[in-house]
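# here's a sequence, model it:
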Amino acid sequence: MLKLEKVEIAYGIVPVVQGISFHVEDGELISIVGANGAGKTTIMKAIAGRLHLRKGSINFRGKDITKLSSPDIVRMGITYVPENRRLFTPLSVEENLEIGAYIINDKKEIEKNLEFVYGLFPRLKERRKQRAGTLSGGEQQMLAIGRGLMANPKLLMLDEPSQGLMPILVTELLNAVKKLKELGMTILLVEQNVQEALEIADRGYVLQTGQIITEGNGKELLDSDIVKKAFLGM
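A predicted model of the protein is given here:
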């Protein structure tokens with residue numbers, strides 16, 4: 001579904017991502033893990049059309065999207081849920097969700113998507129008329145993911161969804177992500193919580209200073225010396 005080839009990204013003259021290649025197959029949950037500053041968010045922004053590549057290419061479902069704008073990429077079926085949520089805090093939960101469906105013109109489909117999101121995150125339904133800015137951190141992250149789902153994405157990209165949350169909420173959110181995968185959704189997940197992210201992943205890539213240093217299925221990576229030493233304190 002998604003293929004990056006020899007991608008290089010820089011901020012000014014400073015290289016951030018250095019010649020990485022990876023792919024995501026239809027129906028997979030892929031985790032990209034690494035420390036702060038490794039280049040994880042930079043990769044997500046580039047796929048979403050928010051950053052230009054210095055070199056390399058990005059293909060989605062057989063089409064080159066390297067130079068497409070963010071709105072065009074959304075219409076092709078890629079939804080990016082950024083870190084720090086970026087909600088419309090003065091608006092209600094339901095208004096935020098409806099904004100996520102801006103590319104859909106069918107009211108019945110929007111209603112169906114709302115019910116799906118409320119089924120995945122029942123707390124959002126309880127708070128649907130509440131202002132987004134008054135929600136807890138965990139509820140705001142649920143809303144950010146829910147808003148992303150409203151666009152019927154073919155590929156859902158989640159950037160640090162557990163950031164700043166208590167462990168119990170991290171588990172709850174990642175269980176929701178796992179459920180989406182079980183329902184057949186294709187997901188690209190960027191996470192600092194390495195163990196939790198790799199436990200639910202079909203495959204993973206470990207990023208360090210803008211380069212992929214190892215890859216494999218989730219269990220292989222959790223058992224690898226590189227991951228144990230660098231991220232699990234073993």
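
# avg pLDDT for the longest helix along the chain?
In the chain, taking DSSP state H as the definition, the longest helix is helix 167-182. Averaging pLDDT along helix 167-182 gives 92.

# on contacts alone, who are the packing partners of it?
strand 29-33, helix 107-120, helix 137-149, strand 186-191, helix 194-199 (3 or more Cβ pairs under 8 Å, 6 or more residues apart in numbering; DSSP states H and E). Yep, even glycine has a C-beta here, placed from its N, CA and C like the rest.

# between those, which has the poorest mean confidence score?
Among the helices and strands packed on helix 167-182, helix 194-199 scores lowest, at a mean of 90.

# which residue would you name as the spatial centre of this structure?
Centroid-nearest residue in the chain, with Cα atoms, centre = their mean: Leu158, separated by 1.4 Å.

# so which bits of the longest helix of the chain are buried?
For helix 167-182, burial by neighbour count (16 or more other Cβ atoms under 10 Å) applies to Leu169, Val170, Glu172, Leu173, Leu174, Ala176, Val177, Leu180, Lys181.

# out of those residues, who's nearest Arg54?
Val177 (31.1 Å; Cβ to Cβ).

# residue contacts, the closest one?
Leu29, Ile145, Leu158, Pro161, Ile187, Leu189, Ile200 (Cβ atoms under 8 Å, 6 or more residues apart in numbering).

# just the CA atoms of the longest helix of the chain, as PDB, please.
Presented in PDB, the C-alpha positions along helix 167-182 are these (Å, rounded to 0.1, in the frame of the first residue of the first chain):
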ATOM      1  CA  PRO A 167       0.100   4.000  31.600                       C
ATOM      2  CA  ILE A 168      -3.500   2.800  32.000                       C
ATOM      3  CA  LEU A 169      -4.600   5.200  29.300                       C
ATOM      4  CA  VAL A 170      -1.700   4.200  27.100                       C
ATOM      5  CA  THR A 171      -2.900   0.600  27.300                       C
ATOM      6  CA  GLU A 172      -6.500   1.600  26.600                       C
ATOM      7  CA  LEU A 173      -5.600   3.600  23.500                       C
ATOM      8  CA  LEU A 174      -3.200   1.000  22.100                       C
ATOM      9  CA  ASN A 175      -5.900  -1.600  22.600                       C
ATOM     10  CA  ALA A 176      -8.200   0.500  20.500                       C
ATOM     11  CA  VAL A 177      -5.500   0.700  17.800                       C
ATOM     12  CA  LYS A 178      -5.200  -3.100  18.000                       C
ATOM     13  CA  LYS A 179      -9.000  -3.400  17.500                       C
ATOM     14  CA  LEU A 180      -8.800  -1.200  14.400                       C
ATOM     15  CA  LYS A 181      -6.200  -3.400  13.000                       C
ATOM     16  CA  GLU A 182      -8.300  -6.500  13.700                       C
END
